[in-house]
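> model this:
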Amino acid sequence: MTTYKIDPAHSEITFKVKHLMITNVTGSFTQFDATMESDADDFTDAKIRFEADVNSITTHNEQRDAHLKGDDFFAVDRFPKLSFVSTSFVKKDEENYTLTGDLTIRDVTKPVELDVEYGGSMTDPWGQSKAGFEISGRINRKDFGLSWGAVTEAGGVVVSDDVRLRLAVQMIKQEVAELAHAE
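Presented below is the predicted three-dimensional model:
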(Lines give C-alpha, C1' and ligand atoms only; values in the text may rest on other atoms or scores of the structure.)
Protein backbone atom coordinates (compact mmCIF):
# COMPACT_ATOMS: atom_id res chain seq x y z
CA MET A 1 0.00 0.00 0.00
CA THR A 2 1.41 3.42 -0.96
CA THR A 3 0.84 6.19 1.56
CA TYR A 4 0.50 9.90 0.75
CA LYS A 5 0.44 12.73 3.31
CA ILE A 6 -0.99 16.18 2.69
CA ASP A 7 1.46 18.99 2.00
CA PRO A 8 0.03 21.78 4.20
CA ALA A 9 2.28 24.42 2.64
CA HIS A 10 0.70 23.78 -0.78
CA SER A 11 -2.89 22.96 0.21
CA GLU A 12 -5.93 25.08 1.08
CA ILE A 13 -9.06 24.00 2.94
CA THR A 14 -11.73 26.64 2.31
CA PHE A 15 -15.48 27.15 2.45
CA LYS A 16 -17.95 29.80 1.32
CA VAL A 17 -21.25 30.80 2.90
CA LYS A 18 -23.73 33.40 1.64
CA HIS A 19 -24.12 36.37 4.00
CA LEU A 20 -27.37 38.32 3.78
CA MET A 21 -27.91 36.23 0.61
CA ILE A 22 -26.04 38.87 -1.43
CA THR A 23 -22.33 38.11 -0.94
CA ASN A 24 -20.11 35.25 0.13
CA VAL A 25 -17.93 35.05 3.21
CA THR A 26 -14.90 32.83 2.70
CA GLY A 27 -13.28 30.94 5.52
CA SER A 28 -10.51 28.42 5.86
CA PHE A 29 -8.82 26.06 8.27
CA THR A 30 -5.09 26.63 8.68
CA GLN A 31 -4.27 23.49 10.71
CA PHE A 32 -5.17 20.16 9.11
CA ASP A 33 -3.85 16.72 8.25
CA ALA A 34 -4.73 14.13 5.63
CA THR A 35 -3.54 10.70 4.60
CA MET A 36 -4.32 8.78 1.43
CA GLU A 37 -3.47 5.10 0.94
CA SER A 38 -3.62 3.57 -2.51
CA ASP A 39 -2.04 0.77 -4.51
CA ALA A 40 -3.64 1.66 -7.84
CA ASP A 41 -1.84 4.16 -10.09
CA ASP A 42 -5.20 5.81 -10.82
CA PHE A 43 -6.12 5.96 -7.08
CA THR A 44 -9.35 3.97 -7.60
CA ASP A 45 -8.67 2.01 -4.39
CA ALA A 46 -7.77 5.14 -2.38
CA LYS A 47 -8.66 5.33 1.28
CA ILE A 48 -8.61 8.92 2.53
CA ARG A 49 -8.64 10.37 6.04
CA PHE A 50 -8.80 14.09 6.77
CA GLU A 51 -8.89 16.06 10.00
CA ALA A 52 -8.98 19.81 10.69
CA ASP A 53 -8.33 21.66 13.92
CA VAL A 54 -11.52 23.72 14.24
CA ASN A 55 -9.73 26.28 16.43
CA SER A 56 -7.67 27.18 13.32
CA ILE A 57 -10.75 28.52 11.49
CA THR A 58 -10.31 31.97 10.01
CA THR A 59 -12.60 34.28 8.08
CA HIS A 60 -10.23 37.24 8.59
CA ASN A 61 -12.62 38.76 11.14
CA GLU A 62 -11.85 38.09 14.82
CA GLN A 63 -15.40 38.67 16.06
CA ARG A 64 -16.92 36.33 13.45
CA ASP A 65 -14.20 33.72 14.08
CA ALA A 66 -14.92 33.79 17.83
CA HIS A 67 -18.64 33.32 17.09
CA LEU A 68 -17.88 30.36 14.78
CA LYS A 69 -15.76 28.73 17.51
CA GLY A 70 -18.54 29.13 20.10
CA ASP A 71 -21.58 27.00 20.89
CA ASP A 72 -23.73 28.57 18.13
CA PHE A 73 -21.53 26.86 15.56
CA PHE A 74 -18.55 24.54 16.06
CA ALA A 75 -18.37 24.45 19.90
CA VAL A 76 -14.59 24.14 19.73
CA ASP A 77 -14.22 23.52 23.49
CA ARG A 78 -16.19 20.27 23.19
CA PHE A 79 -15.49 19.35 19.55
CA PRO A 80 -11.96 20.52 18.65
CA LYS A 81 -11.68 18.51 15.41
CA LEU A 82 -13.75 17.86 12.33
CA SER A 83 -12.99 14.76 10.30
CA PHE A 84 -13.68 12.94 7.06
CA VAL A 85 -13.15 9.23 6.33
CA SER A 86 -13.70 8.01 2.78
CA THR A 87 -15.96 5.10 1.93
CA SER A 88 -15.35 5.15 -1.85
CA PHE A 89 -13.33 6.93 -4.55
CA VAL A 90 -14.92 6.30 -7.94
CA LYS A 91 -13.23 7.27 -11.20
CA LYS A 92 -15.61 8.95 -13.69
CA ASP A 93 -13.01 9.73 -16.38
CA GLU A 94 -9.27 10.49 -16.65
CA GLU A 95 -9.47 13.59 -14.42
CA ASN A 96 -12.71 13.32 -12.44
CA TYR A 97 -13.72 11.24 -9.45
CA THR A 98 -16.54 11.07 -6.94
CA LEU A 99 -15.35 10.88 -3.34
CA THR A 100 -17.86 9.60 -0.82
CA GLY A 101 -17.29 9.42 2.90
CA ASP A 102 -18.39 10.22 6.41
CA LEU A 103 -17.97 13.82 7.57
CA THR A 104 -18.04 14.47 11.31
CA ILE A 105 -18.65 17.98 12.62
CA ARG A 106 -19.40 18.45 16.32
CA ASP A 107 -20.91 15.09 17.33
CA VAL A 108 -22.76 14.51 14.06
CA THR A 109 -21.52 12.15 11.33
CA LYS A 110 -23.21 12.18 7.93
CA PRO A 111 -22.31 10.79 4.52
CA VAL A 112 -21.21 13.37 1.94
CA GLU A 113 -20.35 13.18 -1.74
CA LEU A 114 -17.62 15.40 -3.18
CA ASP A 115 -16.40 16.06 -6.72
CA VAL A 116 -12.68 15.57 -7.25
CA GLU A 117 -10.58 16.78 -10.16
CA TYR A 118 -7.20 15.08 -10.41
CA GLY A 119 -4.61 17.64 -11.47
CA GLY A 120 -1.85 15.14 -12.14
CA SER A 121 1.32 13.87 -10.53
CA MET A 122 4.77 15.45 -10.58
CA THR A 123 8.16 15.17 -8.91
CA ASP A 124 9.15 18.45 -7.27
CA PRO A 125 12.73 19.88 -7.40
CA TRP A 126 13.56 18.07 -4.13
CA GLY A 127 12.62 14.64 -5.49
CA GLN A 128 9.25 14.34 -3.75
CA SER A 129 6.48 12.67 -5.76
CA LYS A 130 3.27 14.68 -5.46
CA ALA A 131 -0.31 14.31 -6.64
CA GLY A 132 -2.70 17.26 -6.89
CA PHE A 133 -6.47 17.33 -6.39
CA GLU A 134 -9.21 19.99 -6.44
CA ILE A 135 -12.15 18.90 -4.30
CA SER A 136 -15.54 20.59 -4.15
CA GLY A 137 -18.97 19.94 -2.73
CA ARG A 138 -21.81 21.31 -0.65
CA ILE A 139 -23.20 20.55 2.76
CA ASN A 140 -26.09 21.89 4.77
CA ARG A 141 -24.58 23.29 7.96
CA LYS A 142 -27.73 22.58 9.97
CA ASP A 143 -27.34 18.85 9.22
CA PHE A 144 -24.23 18.99 11.43
CA GLY A 145 -25.68 20.96 14.33
CA LEU A 146 -24.44 24.37 13.14
CA SER A 147 -27.93 25.73 13.52
CA TRP A 148 -27.50 29.38 14.58
CA GLY A 149 -29.70 31.66 12.57
CA ALA A 150 -30.79 35.25 12.48
CA VAL A 151 -33.21 37.15 10.30
CA THR A 152 -32.91 40.75 9.15
CA GLU A 153 -35.57 43.33 9.91
CA ALA A 154 -36.88 42.83 6.37
CA GLY A 155 -37.12 39.05 6.87
CA GLY A 156 -33.93 38.07 5.03
CA VAL A 157 -31.63 35.28 6.15
CA VAL A 158 -28.29 36.45 7.61
CA VAL A 159 -26.31 33.22 7.03
CA SER A 160 -27.18 30.62 4.40
CA ASP A 161 -27.60 26.96 5.39
CA ASP A 162 -25.71 25.97 2.22
CA VAL A 163 -21.93 25.75 2.65
CA ARG A 164 -19.72 25.29 -0.40
CA LEU A 165 -16.51 23.37 0.23
CA ARG A 166 -13.38 23.93 -1.84
CA LEU A 167 -10.11 22.12 -1.19
CA ALA A 168 -6.89 22.44 -3.19
CA VAL A 169 -4.70 19.57 -2.06
CA GLN A 170 -1.19 18.37 -2.81
CA MET A 171 -0.38 14.91 -1.49
CA ILE A 172 3.24 13.80 -0.99
CA LYS A 173 4.10 10.16 -1.63
CA GLN A 174 5.79 8.78 1.47
CA GLU A 175 8.87 6.67 1.03
CA VAL A 176 9.09 3.54 3.18
CA ALA A 177 12.08 4.94 5.13
CA GLU A 178 10.13 8.17 5.88
CA LEU A 179 7.22 6.17 7.25
CA ALA A 180 9.43 4.09 9.52
CA HIS A 181 11.20 7.22 10.79
CA ALA A 182 7.90 9.03 11.46
CA GLU A 183 6.59 6.31 13.75
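
> tally of neighbours for I105?
24 (other C-beta atoms under 10 Å). Every residue, glycine included, has its C-beta placed from N, CA and C.

> apart from its chain neighbours, what residue comes closest to the most centrally placed residue in the chain?
A centroid search over the chain (C-alpha atoms, centre = their mean) returns I13, at 5.3 Å, as the residue closest to the centre. Leaving out its chain neighbours, the residue that sits closest to I13 by C-beta to C-beta, 6 or more residues apart in numbering is F29, at 4.6 Å.

> right, and K16 touches V25 too?
Yes: counting by C-beta atoms under 8 Å, K16 does reach V25; the two are 7.1 Å apart.

> coming back round to it: quick check: the residue nearest to the centre of the chain touching Q31?
No: between I13 and Q31 there is no contact under C-beta under 8 Å: 9.4 Å.

> touching both of those two, which residues are there?
Common neighbours of I13 and Q31 (criterion: C-beta atoms under 8 Å, 6 or more residues apart in numbering): A52.

> report the beta-bridge partners for Y4.
On the basis of DSSP bridges, Y4 is bridged to M36, K173.

> can you pull out the low-pLDDT segments for the chain?
Within the chain, the stretches with pLDDT under 70 are 18-23, 146-162, 176-183.

> now do the end-to-end distance for stretch 65-82.
The stretch stretch 65-82 measures 16 Å between its terminal residues, going by C-alpha to C-alpha, to the nearest Å.
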